[in-house]
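Colleague: Quick one: sequence plus predicted model below, questions after.
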Amino acid sequence: MSSLRDQISSSSPPSFSFEAELVSWEMPRSRPRRSPNIIICGTPGTGKTSLAEKVSELSGLSHINLSKYAVDNQLVDGWDNVLNCAVLDEDKVLDNLKEKFADGGCILDYHGCDFFPEEQMDLVVVLRTETSALYDRLKARGYPERKISNNMECEIFQTILDEARESYDEAIVMELTSNAEAEQRENARTLHSWIQDWIKTHSK
Ligand SMILES: Nc1ncnc2c1ncn2[C@@H]1O[C@H](COP(=O)(O)OP(=O)(O)OP(=O)(O)O)[C@@H](O)[C@H]1O
């Protein structure tokens, strides 16, 4: 009498195959975003917050002023005495924002951009401002000379633009000039129509 093992090994294959079972089981994927996530970055004073507010008004996406958000939600890791601003605890920030990023529809405004996960970002906007206009804006804020010159150097050496290009696929990095108010309105319209196109394309 044949053993159970023999019976199993000699029996014809079952009607389903193990391979087919495996193929039908997919890796869990992050849920698709219904709206894009956008970072607006650039040297302090280039107009990130004011542009993000305008785009948020036009598009309905939610604006997160990251420096303020991090302070309000205790996601900071000290104070930078040179730049005179809070130092973010990047891990805490990412952990705090991961659900929002997964849903999509965030317009983040922050001077840097390199620590956001590339797969969660759809567009990285880098604002650029001529040095004379930037100097006037920073001076009007009453910033100390050291802070002004640090920020001016950052803009002259296009530090943030390089950071964006090194951290993300260049196809999603958009450089926009932000020297005059008319330009800011134009930038807001450009980003609004980019968002509408993105939503149309991704809802098909
Ligand atoms: N394109 C522009 N033309 C003229 N003025 C502008 C423009 N963009 C911003 N401003 C003005 O410059 C100042 C700084 O703008 P804003 O606070 O938006 O800059 P920011 O990049 O967010 O700065 P920070 O990083 O320090 O928060 C504001 O008074 C704003 O009205």
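Modeller: It's in.

Colleague: May I have the phi/psi pair for the residue in the chain that the ligand sits nearest to?
Modeller: Taking C-beta to the nearest ligand atom as the measure, the point where the chain comes nearest the ligand is Gly47, at 2.5 Å. Heads up, the C-betas are built off the backbone N, CA and C, glycines and all. Reported as degrees, to the nearest 10, the phi and psi values for Gly47 are phi 110, psi 30.

Colleague: and it, what is it in contact with?
Modeller: By C-beta atoms under 8 Å, 6 or more residues apart in numbering, the contact set of Gly47 is 127, 129, 178, 184.

Colleague: And the first one, how far from Asn179?
Modeller: Which is Leu127. Applying C-beta to C-beta, to the nearest Å, one obtains 10 Å for the distance of Leu127 from Asn179.

Colleague: again with Phe101
Modeller: 31 Å.

Colleague: higher neighbour count, these two?
Modeller: Phe101 (19 against 16; other C-beta atoms under 10 Å).

Colleague: Buried by neighbour count: which residues of the strand or helix carrying the more buried one qualify?
Modeller: Using DSSP states H and E, the element containing Phe101 is helix 90-103. Buried residues in helix 90-103, counted by 16 or more other C-beta atoms under 10 Å: 93-94, 97, 101.

Colleague: from those residues, which single one is nearest Val87?
Modeller: Closest approach between these and Val87, by C-beta to C-beta: Val93, at 10.9 Å.

Colleague: sorry, back to before: taking the contacts of Gly47 one by one, which sit in strands?
Modeller: Among the contacts of Gly47, the ones falling in strands (DSSP state E) are Leu127.

Colleague: Present the contacts of Gly47 as CSV; the columns should include pLDDT, neighbour count and distance to Cys85.
Modeller: Formatted as CSV, the contacts of Gly47 follow (pLDDT from 0 to 100; neighbours: other C-beta atoms under 10 Å; distance: C-beta to C-beta, whole Å):
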residue, pLDDT, neighbour count, distance to Cys85
Leu127, 98, 27, 17
Thr129, 98, 22, 18
Ser178, 98, 26, 20
Gln184, 98, 18, 23
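
Colleague: Near the ligand, list only the ones from the contacts of Gly47.
Modeller: 178, 184 (C-beta under 6 Å from any ligand atom).

Colleague: Tell me which two of the contacts of Gly47 sit farthest apart.
Modeller: Those two in those that are separated most widely, counting by C-beta to C-beta, are Thr129 and Gln184, at 10.4 Å.
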